[in-house]
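**Q** How does the following fold in three dimensions:
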Amino acid sequence: MRHSETSPAIHNVDMPGLTPSLDQVESDPTRFRSVALPLLLPGSLVTLHTRNTRYRLVVIDGAERRVQISGGKLFPENTAAELIGATDDEGVKVGWIVEGFQLELLTDRGPVLTSTVESVDVE
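**A** The predicted model follows:
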């Protein structure tokens, strides 16, 4: 059961009024603001705002997609997680955070699906 909330390559999303799909991210990545976690160095800080929550992710191992996440009701303290990736009804873009899509994570408590990512920034 999923829990849900009530830099190197950052691209801009420009799709007013359209529901994006991960196929569109693959075919035209310049239209989407996104971050590839495997390309980030350990210690990189990723801040993302979803429709409902602000999260802070610290990269532990980008290639392994391991992060420490905090924010919202689900993560009041730093929590170890595996970032699965951006998700839609058809699948997952593994290792990516993409504006306009939900983010799936795996924690010791099980899988977590965020609300839609509205912005993502890397420090």
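
**Q** where's the residue most central in space within the chain, which helix or strand?
**A** Nearest residue to the geometric centre of the chain (C-alpha atoms, centre = their mean): Ile97, 3.3 Å. According to DSSP states H and E, Ile97 maps onto strand 96-98.

**Q** If you count contacts, what does that strand end up packed against?
**A** Helices and strands touching strand 96-98, by 3 or more C-beta pairs under 8 Å, 6 or more residues apart in numbering; DSSP states H and E, are helix 22-27, strand 34-36, strand 75-87, strand 117-122. Every C-beta, even on glycine, is put in place using the N, C-alpha and C of the backbone.

**Q** Compute the number of surrounding residues for Gln68.
**A** 15 (other C-beta atoms under 10 Å).

**Q** my guess is it contacts Glu77, does it?
**A** No: counting by C-beta atoms under 8 Å, Gln68 sits too far from Glu77 to count as a contact (9.6 Å).

**Q** mind listing what's buried in the helix or strand hosting Arg56?
**A** For Arg56, the host element (DSSP H and E) is strand 54-61. Within strand 54-61, the residues that count as buried by 16 or more other C-beta atoms under 10 Å are 55-57, 59-60.
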